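> Here is a sequence together with a model predicted from it:
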Amino acid sequence: MHRLILGSLALTLLISSCNETQNPFEISKQHIGLLTDSTQVKDLESIYPNDSIVRFIGGDEFIGNINNIEVFEKGGKQLLTLTPKYALDSTSVISSIRILDDRYKTDKNISAISTFKDIQNQYKISRISNLINSVVVAVDDINASFTIDKKELPANLRFDMDLKFESTHIPDDAKVKYFFVNWNN
């Protein structure tokens with residue numbers, strides 16, 4: 001009797017889990033839509049069958065440059081820029097993804113058009129890096145980094161390269177310039 005009940009329960013769980021479909025625009029720590037942290041370059045055509053994939057070949061395979069792969073909708077809108085871990089290797093996994101389309105969102109509704117306040121309200125900020133023309137806000141909870149142009153900052157903070165940025169230095173309405181998800185496989 002117990003085996004029959006356990007078997008029925010296991011079958012019900014299996015069937016219900018098979019009915020879930022992956023949101024093609026959901027961002028999490030280990031996946032972006034159907035793209036995962038273990039997806040290989042050779043699998044991109046099957047993941048994006050209705051989209052266009054553009055690969056750039058640098059020309060000099062001996063210098064070891066990483067060649068970005070761009071994913072476009074059939075209508076021409078760019079969705080993502082993928083950077084493989086190794087150049088010219090179809091078995092290489094993707095190491096970073098630049099999110100370009102604002103339909104891609106985390107479960108907390110953070111996207112490429114979010115503001116600093118949106119990010120700060122939803123996630124714990126791991127660190128803020130001071131670069132020449134921008135600051136990079138890292139969120140380890142989702143393996144993401146958000147670049148904010150220093151033009152979004154008060155004038156007195158834009159040119160001090162020695163300043164250790166804190167959350168209070170960045171205005172709430174500062175817009176995200178670039179949204180990256182990084183997978184260090």
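Looks like it came in fine.
> Kindly give the local confidence score, pLDDT, for the nearest residue to residue 169 once chain neighbours are set aside.
Leaving aside its chain neighbours, residue 169 sits nearest to residue 157 (5.7 Å; criterion: C-beta to C-beta, 6 or more residues apart in numbering). No exception for glycine: its C-beta is placed from N, CA and C like everyone else's. On pLDDT, residue 157 comes in at 85.
> State the phi and psi torsions of residue 157.
Backbone torsions of residue 157, given as degrees, to the nearest 10, read phi -110, psi -10.
> you'd agree it is up against residue 164?
No: using C-beta atoms under 8 Å as the test, residue 157 is too far from residue 164 to be in contact (11.2 Å).
> quick one: which of the two has more around it?
In terms of neighbours (other C-beta atoms under 10 Å), residue 157 is the more surrounded of residue 157 and residue 164; the figures are 15 against 9.
> residues in contact with the one helix or strand residue 121 maps to?
Following DSSP states H and E, one finds residue 121 within helix 116-122. Defining contact as C-beta atoms under 8 Å, 6 or more residues apart in numbering, one finds that helix 116-122 is touched by 106, 108-110, 125, 137, 139, 146, 148, 167, 170-174, 176.
> Quick check: buried residues in it?
Buried residues in helix 116-122, counted by 16 or more other C-beta atoms under 10 Å: 116, 118, 119, 122.
> what do you get for stretch 24-39?
In stretch 24-39, counting by 16+ other C-beta under 10 Å, buried: 27, 28, 31, 32, 33, 35, 36, 37, 39.
> what would these look like in CSV with distance to residue 75?
What follows is the buried residues of stretch 24-39, written out as CSV (distance: C-beta to C-beta, whole Å):
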residue, distance to residue 75
27, 22
28, 26
31, 24
32, 20
33, 17
35, 20
36, 25
37, 28
39, 24
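> Is residue 97 bridged to anything, and to what?
residue 82, residue 181 (DSSP bridges).
> Ignore what I typed, I meant residue 106.
Bridge pairing for residue 106 - DSSP bridges - gives residue 27.
> neighbours of it, just the number please.
23.
> show me the contacts for it.
So residue 106 contacts 26, 27, 28, 122, 142, 144 (C-beta under 8 Å, 6+ apart).
> so how far is residue 177 from the closest residue to residue 113 other than its chain neighbours?
Counting by C-beta to C-beta, 6+ apart, residue 113 lies nearest to residue 102, which is 4.5 Å off, once chain neighbours are set aside. Using C-beta to C-beta, to the nearest Å, residue 102 is found at 13 Å from residue 177.
> cool, residue 84 as well?
Residue 84 is 23 Å from residue 177, where distance means C-beta to C-beta.
> for residue 137, same thing?
11 Å.
> Tell me which of these two has more neighbours.
Neighbour comparison, residue 137 and residue 177: the larger count goes to residue 137, with 24 against 17 (by other C-beta under 10 Å).
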